[in-house]
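Asks: Fold the following.
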Amino acid sequence: MRALVIGGAGYIGSHVVLALCDRNIEVTVFDNLSTGKRENLDERAHFTRGDILLQTDLERVFQAGKFDIVFHFAALKAPEESMLLPGKYARNNITGSLSILDAMDKYNVRNIVFSSSCAVYGESRYIPIDEKHPLKPINYYGYTKLVIEENLSWYARLGKINYAALRYFNAAGYDLDGRIRGREQNPTNLLPIIMETANGERPSMEVFGTDYETEDGSCIRDYIHVNDLAEAHFQAMQYIMGGQKTLITNLATGKGYSVLEVIESAAKITGRAIAYHRADRREGDPAVVVAGTDRALETLGWQAKYSDIDTILKSMWKVYKH
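Replies: Okay, here's the model as predicted:
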């Protein structure tokens, strides 16, 4: 079995590479290292530096290996930035993904697992959000993920691919065995920012919006440990290569934590005061995002094992405190 992991030096991609290598799958990582880190590359994996926006780079990696499956993690992912720089997100996320699909078609690679997002849903019409929820993104990042999913569906209908689109709900944590320690640079997600504040890299942090209709006024999110995500990717690969053509599923826990709850938990785990100040809401931030998780259990037999907030935060603090 040969797998091409595009964006495999990044945060989630590198954890999936570990899970694949642990199962003796031959892995090639393709990454431009714009946000990915060499130190997170597993020594068992082959590495090719390249960019999905450069056709010559894609040609080179597909020519070099007869791959059975592609894992696609190469996307820009900051919702607030996407509202300011939509062209940047359109080029990388949409055009880049179409270039990957074209290369797969040319070199007869039929299977792809795509890193999608709960951002395709937008504001929740009901909780928990299941896969039948209306798809109404409220930020441009979520829109790009939806457009990619739509193209995957068309390519599947045309007989070109089998695919799994995995809709994450706030990936967090670090490898529980401590094998990945390279941190995200300039993070935009809540938990890395909390960690940087706890270890003194930031004097304080902002809590965007404390007037939502939630118990403490702050946003509520459903967090999933990256080790649980990695296991789900392996199972999704088995699913689409085992006779099933398509899969769209949430990956989450079904339990939400507010921003202020997470800050409080992090303060207890780190033993550090976490200074914050209240700020206005950010455009494109929904109040509550909590997932329905039945489909992943029914189709893959998968459910989160390591995604309670304390386990997530403890695995992160092992990395950040040093």
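Asks: May I have the longest helix along the chain as CSV, with CA atoms only?
Replies: When the chain is parsed with DSSP state H, its longest helix is helix 140-157. The C-alpha coordinates for helix 140-157 follow below in CSV (Å, rounded to 0.1, in the frame of the first residue of the first chain):
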residue,chain,number,x,y,z
TYR,A,140,-14.9,32.2,3.0
TYR,A,141,-12.7,29.5,4.4
GLY,A,142,-15.8,27.3,5.0
TYR,A,143,-17.0,28.1,1.5
THR,A,144,-13.8,26.9,0.0
LYS,A,145,-14.1,23.6,1.9
LEU,A,146,-17.7,23.2,0.6
VAL,A,147,-16.7,23.9,-3.0
ILE,A,148,-14.0,21.2,-2.7
GLU,A,149,-16.5,18.7,-1.3
GLU,A,150,-18.9,19.5,-4.2
ASN,A,151,-16.1,18.8,-6.7
LEU,A,152,-15.2,15.6,-5.0
SER,A,153,-18.9,14.6,-5.3
TRP,A,154,-18.9,15.4,-9.1
TYR,A,155,-15.6,13.5,-9.7
ALA,A,156,-17.1,10.5,-7.9
ARG,A,157,-20.3,10.7,-9.9
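Asks: What lies in contact with it?
Replies: The set of residues external to helix 140-157 that reach it, using Cβ atoms under 8 Å, 6 or more residues apart in numbering, is 75-79, 81-83, 86, 89-90, 93-94, 97-98, 101, 105, 112, 114, 116-117, 119-122, 135, 137, 161-163, 165, 245-246, 248, 284. The C-beta positions use only the backbone N, C-alpha and C, and glycine is treated the same way.
Asks: What about these, which are in helices?
Replies: Judged by DSSP H, these include 79, 81, 82, 83, 86, 89, 97, 98, 101, 105 as members of helices.
Asks: quick check, distance from the longest helix of the chain to the centre of its chain.
Replies: What separates the centre of helix 140-157 from the centre of its chain is 15 Å, taken as Cα atoms, centre = their mean, to the nearest Å.
Asks: Quick check: mean pLDDT of that helix?
Replies: Helix 140-157 carries an average pLDDT of 98.
Asks: and if you look at stretch 259-277?
Replies: If you average the pLDDT over stretch 259-277, you get 97.
Asks: buried sites along the longest helix of the chain?
Replies: Across helix 140-157, burial judged by 16 or more other Cβ atoms under 10 Å covers 140-149, 151-152, 155-156.
Asks: Could you point out the helix or strand that follows the helix or strand containing residue 297?
Replies: Assigned by DSSP states H and E, residue 297 belongs to helix 294-300. Note on helix 294-300: by DSSP H and E, the next helix or strand toward the C-terminus is helix 309-320.
Asks: Chain neighbours aside, what residue packs nearest to residue 111?
Replies: Using Cβ to Cβ, 6 or more residues apart in numbering and skipping residues adjacent in sequence, the residue nearest residue 111 is residue 69, 4.1 Å away.
Asks: Go ahead and measure how far the worst-scoring helix or strand of the chain on mean pLDDT is from the middle of the chain.
Replies: Of all helical and strand segments in the chain, the minimum by mean pLDDT, DSSP states H and E falls on strand 288-289, at a mean of 88. Centroid separation for strand 288-289 versus its chain: 17 Å, with Cα atoms, centre = their mean.
Asks: Going along the chain, name the strands of the stretch 151-300 of the chain.
Replies: Secondary structure of the stretch 151-300 of the chain (DSSP state E, counting those that start in this stretch): strands at 162-168, 171-172, 205-208, 220-221, 224-225, 246-251, 257-258, 276-279, 288-289.
Asks: re the thing from before, and the least confident helix or strand of the chain, which strands flank it?
Replies: When pairs are called by DSSP bridges, strand 288-289 turns out to pair with strand 220-221 (parallel).
Asks: Can you tell me what sits against the strand it pairs with?
Replies: For strand 220-221, contacts defined as Cβ under 8 Å, 6+ apart pick out 169, 170, 190, 214, 256, 257, 258, 259, 287, 288, 289, 290.
Asks: so who does the fifth one touch?
Replies: I take that to be residue 256. 220, 221, 222, 288, 289, 290.
Asks: Scan these and report the most crowded one.
Replies: With neighbours defined as other Cβ atoms under 10 Å, the most crowded of these is residue 222; it has 27 neighbours.
Asks: Quick check: beta-bridge partners of the residue nearest to residue 111?
Replies: Here residue 69 sits in beta bridges with residue 3, going by DSSP bridges.
Asks: tell me the pLDDT at it?
Replies: Per-residue confidence (pLDDT) for residue 69: 98.
Asks: Tell me how far it lies from residue 3.
Replies: According to Cβ to Cβ, to the nearest Å, residue 69 stands 5 Å off from residue 3.
Asks: which residues are in contact with both of these two?
Replies: Shared contacts of residue 69 and residue 3 (Cβ under 8 Å, 6+ apart): residue 237.
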